[in-house]
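no letters, just coordinates:
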């Protein structure tokens, strides 16, 4: 019997810290328990709950780290790639707006502080 193939719409329903599924490199993981002990903090995982977080994951992790370090029972199967829509793919947060720059002459002098 082969591995279970999940529809992304089903994965997307598991989008809360207490029910946290994430797709990484085409594989579906239940990270509900693991997110609490993640070295980078739980928020980085729970913010991507119910999404394909591959694009955010790969720049900071080796592609095989989940397979090597996670318990096999958290791997639920694979995602059907034909069911992944743009709204299912995690996006990096927008950068904070940059403060407007002022010319040196516009800056307050030390005597004005």
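Done, it's in. Being a predicted model, the structure only gives us computed values, none of them experimental. Numbering: from 1, shown residues only.

what residues does stretch 2-19 touch?
20-21, 23, 28, 30, 32, 35, 42, 46, 49-52, 76-80, 83-85, 88 (C-beta atoms under 8 Å, 6 or more residues apart in numbering). No exception for glycine: its C-beta is placed from N, CA and C like everyone else's.

what about the helices in this protein?
Secondary structure of the chain (DSSP state H): helices at 8-12, 43-46, 54-57, 65-69.

among those, which is nearest residue 98?
With C-beta to C-beta as the measure, helix 54-57 is the member of the helices of the chain nearest residue 98 (22.3 Å).

pLDDT on that closest one, on average?
For helix 54-57, mean pLDDT rounds to 92.

ok, and what's touching it?
23, 24, 25, 26, 48, 89, 90, 91, 92.

in it, which residues are buried?
Residues 54, 56, 57 are the ones in helix 54-57 that count as buried (16 or more other C-beta atoms under 10 Å).

confidence-wise, which helix or strand of this protein is lowest on average?
helix 65-69 (a mean of 89; mean pLDDT, DSSP states H and E).
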